[in-house]
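**Student:** any chance you could fold what I've pasted below:
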Amino acid sequence: MFVRTTQRRYKGQTYTNYVLVESVRTPQGPRQKVVCSLGDLSPRARAQWLELARKVEAALGGQPELLAADDADVAKVVERVRRGQPRRHRPPGADLISVHADGVRTEEHRTAGPVHVGVQYWRKLGLDEILARMGFSERACTLTLAMTMNRLIHPCSEHAMPDWIRRTALADILAVDFRRLRDEALYLQLDRLHPQRVAIEAALAERERTLFNCANTVFLYDLTSTYFEGQAVRTPKATRGYSRDHRPDCKQIVVGLVINGEGFPLAHEIFAGNVQDRASLPAMLEQLDARVPLQPGQTVVVDRGMAYDENLAELRSRQLHYVVAARQPERDRWLAEFEGEGFEEVIRRPSAQNPLQKKPKVEVKLERRGEETYVLCRGAGRVEKDSAIRRKQEQRLRADLDKLARRVENGGLIKAQKIGEAIGRLKERYPRVARYYRMGYDPEHKQFRYEVDVAKYKRAEQLDGTYLLRTDRTDLSAEEAWRLYILLTRAEDAFRDMKSPLSERPIFHHLERRVETHIFLCVLAYHLLVAIENTLLDKGVHTSWHTVRETLETHQVCTVVLPTDGGAVLRIRTGSTPEPAHRQLYELLGVPLEVMRPQRSWIEADDELSV
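**Tutor:** You can find the predicted model right below:
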């Protein structure tokens with residue numbers, strides 16, 4: 001409570017009145033309610049007004065011993081208030097009330113289930129403690145949590161994020177007031193997080209290693225691209241390059257990600273949009289070593305884009321093992337071995353999520369050559385896929401070849417050097433199928449011709465559905481090497497999850513540091529996603545975070561409004577009772593059923609109408 005002055009002019013004179021006021025929390029924000037009039041307090045010193053308000057509040061709260069015996073003003077005020085309408089503060093234990101049933105209603109419904117699970121796993125991973133060790137304040141930790149929850153549950157821009165936060169039960173769960181939160185605070189928090197990304201990832205990797213018993217003996221490394229909306233002129237790394245998102249019209253960056261065998265991210269790095277896969281490996285190993293110290297004997301699994309001699313030499317120089325898919329030209333030299341015998345079928349069990357699904361047949365064969373082991377793989381499910389990819393690329397190549405032929409015929413290209421450069425660009429654009437075609441320019445007849453190399457084309461058809469693995473490990477069987485390489489699909493799943501449902505793309509930020517922190521928040525959200533899905537997987541439940549999120553959206557927090565017979569209104573802010581589907585997920589995830597402690601408040605009926 002506090003004292004406020006009011007003034008009124010009457011017949012040329014100014015009259016001052018003092019009123020006792022207290023703050024009341026309402027759905028529209030804090031409001032001030034006049035408790036009673038105090039009359040003229042001019043004889044008292046201003047410093048005594050606050051003391052008067054505190055004594056009155058203590059007396060009304062059941063502490064009459066704090067009243068001074070000779071303080072007649074306080075006694076008069078207390079008596080005046082007690083003669084008035086009922087107070088909103090009820091004595092302890094007064095939970096038996098009579099309610100007008102027709103007036104009962106609920107207000108301020110907020111989605112709680114997904115936020116509740118996300119916050120619980122944020123705390124399980126110890127992220128508040130990690131951020132606090134980095135020097136972040138309690139408010140900075142709360143903002144980071146809220147931004148990560150947004151990426152995990154309903155990704156949107158920092159500009160739209162405050163409104164989303166207010167539409168959830170995050171304020172109730174954290175007991176934090178987000179009503180005045182603005183996007184400027186979120187942008188500033190991006191800037192604070194940027195220099196601490198490596199330290200946070202290193203601490204988080206160590207926490208997950210002990211919490212989920214991660215071995216960290218196998219590292220899976222892959223890359224993807226993420227495109228920008230806009231020119232991105234203030235982001236030097238934003239360039240045009242090979243787009244995995246099929247958006248060659250947009251600038252992009254390349255994201256490298258290393259995960260362990262359990263699927264948890266260990267390190268990530270942002271590269272320029274035109275970087276080649278092979279050029280990213282040394283820098284990525286340095287970043288990985290800064291977060292999870294590399295040790296001799298660990299195994300790195302990469303795809304064919306990094307199956308170059310200099311990359312394998314880099315891994316050997318660090319005393320690391322490797323499992324890698326060989327590049328296509330190297331695979332083509334193994335046609336005779338692929339056509340031979342000695343293959344063994346890999347037993348592939350259906351998943352618990354879909355026990356009736358029949359997985360395509362895979363056969364493997366081991367060949368040792370010098371210090372390396374080669375694994376020849378044939379997959380029935382890949383035959384049609386490889387053939388379809390080749391046909392699609394071939395259609396595009398033929399269309400461009402015909403276009404080039406018409407340009408030459410119509411005189412659009414005359415010089416042999418320019419025509420040769422155009423042919424080189426086509427071979428670079430379609431490397432998968434251009435090697436099956438003979439292309440050339442006849443300067444004597446001024447004609448451009450092309451034809452299919454039948455022998456090479458038939459050879460390609462024979463190799464459909466096959467791929468070749470290389471490893472320097474001699475302790476692996478053909479099936480073990482294949483299963484180790486297949487773990488790389490977890491990195492692909494990570495990128496798929498980060499792009500959708502975590503909405504890593506497109507990027508709207510203009511500053512490079514905020515672009516990098518945007519990716520970092522997506523990685524943080526993916527840590528939570530993997531922890532949630534792995535917890536369910538350990539319980540034998542094969543389901544995705546997307547399904548969990550949709551199931552829990554109907555668990556909400558709301559305010560129950562109860563008008564009583566005494567004229568006052570009881571408002572209870574509480575979580576709804578979990579439905580059976582909610583309870584099942586909470587129990588599997590080890591999450592409390594109670595979202596928040598119920599908050600009760602009394603308000604006068606007249607005051608409720610005024611607010």
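**Student:** and the closest residue to residue 545 other than its chain neighbours, helix, strand or coil?
**Tutor:** Among residues not flanking residue 545 along the chain, residue 529 sits closest, at 4.7 Å (C-beta to C-beta, 6 or more residues apart in numbering). Heads up, the C-betas are built off the backbone N, CA and C, glycines and all. Secondary structure, DSSP: H, G, I helix; E, B strand; the rest coil: residue 529 is helix.
**Student:** for the one 5 residues further on, same thing?
**Tutor:** Using three-state DSSP, the secondary structure recorded for residue 534 is helix.
**Student:** contacting residues for it?
**Tutor:** 212, 262-264 (C-beta atoms under 8 Å, 6 or more residues apart in numbering).
**Student:** now the two most distant members of these.
**Tutor:** Across these, the longest distance by C-beta to C-beta is 9.6 Å; it joins 212 and 263.
**Student:** ok, the two, which is more surrounded?
**Tutor:** Neighbour tally, residue 212 and residue 263, criterion other C-beta atoms under 10 Å: the higher count belongs to residue 263, 22 against 17.
**Student:** ok, that one - contacts?
**Tutor:** Listed by C-beta under 8 Å, 6+ apart, the contact set of residue 263 reads 490, 493-494, 530, 533-534.
**Student:** and the buried ones among those residues, selectable in PyMOL?
**Tutor:** Buried residues within the contacts of residue 263, by 16 or more other C-beta atoms under 10 Å, are selected in PyMOL with:
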select buried, resi 490+494+530+533+534
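**Student:** re the thing from before, helices - which of the contacts of residue 534 land there?
**Tutor:** The members of the contacts of residue 534 all map outside helices under DSSP state H.
**Student:** in terms of pLDDT, where does residue 599 sit?
**Tutor:** Note on residue 599: pLDDT of 92.
**Student:** what comes up buried for the one helix or strand residue 402 maps to?
**Tutor:** Per DSSP states H and E: residue 402 is located in helix 380-409. By neighbour count with 16+ other C-beta under 10 Å, helix 380-409 contains the buried residues 382-383, 386, 390, 393-394, 397, 401, 404-405, 407-408.
**Student:** what packs against it?
**Tutor:** For helix 380-409, the packing partners by 3 or more C-beta pairs under 8 Å, 6 or more residues apart in numbering; DSSP states H and E come out as helix 416-429, helix 431-434, strand 437-442, strand 447-452.
**Student:** among the ones you listed, which comes closest to residue 472?
**Tutor:** Nearest to residue 472, of the helices and strands packed on helix 380-409 and by C-beta to C-beta, is helix 431-434 at 27.0 Å.
**Student:** residue 231 against residue 240, yeah?
**Tutor:** No. Here residue 231 does not reach residue 240: they are 11.6 Å apart, not a contact under C-beta atoms under 8 Å.
**Student:** state the distance from residue 222 to residue 285.
**Tutor:** Counting by C-beta to C-beta, to the nearest Å, the separation of residue 222 from residue 285 is 14 Å.
**Student:** before we move on, what about residue 14?
**Tutor:** Per C-beta to C-beta, residue 14 is found 79 Å from residue 285.
**Student:** quick one: which of the two has more around it?
**Tutor:** residue 285 (22 against 8).
**Student:** doesn't residue 327 make contact with residue 312?
**Tutor:** No. Look at residue 312 against residue 327 with C-beta under 8 Å: they stay out of range, at 11.6 Å.
**Student:** the two - which one has more neighbours?
**Tutor:** Neighbour count, other C-beta under 10 Å: between residue 312 and residue 327, residue 312 has more, with 20 against 15.
**Student:** report the contact partners of that one.
**Tutor:** Going by C-beta under 8 Å, 6+ apart, residue 312 touches 322, 324, 470, 472.
**Student:** I'd say the last one and residue 313 touch.
**Tutor:** No. Proximity of residue 472 to residue 313 does not meet the contact threshold set by C-beta under 8 Å, at 11.1 Å.
**Student:** tell me which of these two has more neighbours.
**Tutor:** Applying other C-beta under 10 Å to residue 472 and residue 313 shows that residue 472 carries more neighbours, namely 16 against 9.
**Student:** list the contacts for that one?
**Tutor:** So residue 472 contacts 312, 316, 321-322, 371-373 (C-beta under 8 Å, 6+ apart).
**Student:** okay, the residues you listed in CSV with secondary structure and distance to residue 365 next?
**Tutor:** Below are the contacts of residue 472 laid out as CSV (DSSP: H, G, I helix; E, B strand; the rest coil; distance: C-beta to C-beta, whole Å):
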residue, secondary structure, distance to residue 365
312, helix, 22
316, helix, 25
321, strand, 21
322, strand, 20
371, coil, 19
372, strand, 15
373, strand, 11
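**Student:** just the buried residues of the residues you listed.
**Tutor:** 312, 321-322, 373.
**Student:** list the buried residues for the host helix or strand of residue 455?
**Tutor:** Using DSSP H and E, residue 455 sits in helix 454-462. Neighbour counts over helix 454-462 (16+ other C-beta under 10 Å) mark 457, 460 as buried.
**Student:** could you give the angle of it to strand 437-442?
**Tutor:** Relative orientation of helix 454-462 versus strand 437-442 (axes from the mean of the first three to the mean of the last three C-alpha atoms, to 10 degrees): 150 degrees.
**Student:** residues in contact with the helix or strand just after helix 454-462?
**Tutor:** Using DSSP H and E, the helix or strand that follows helix 454-462 towards the C-terminus is strand 466-471. The contact list for strand 466-471 (C-beta under 8 Å, 6+ apart) reads 307, 312, 321-326, 330-331, 334, 338, 372-379, 382, 481-482, 484-485.
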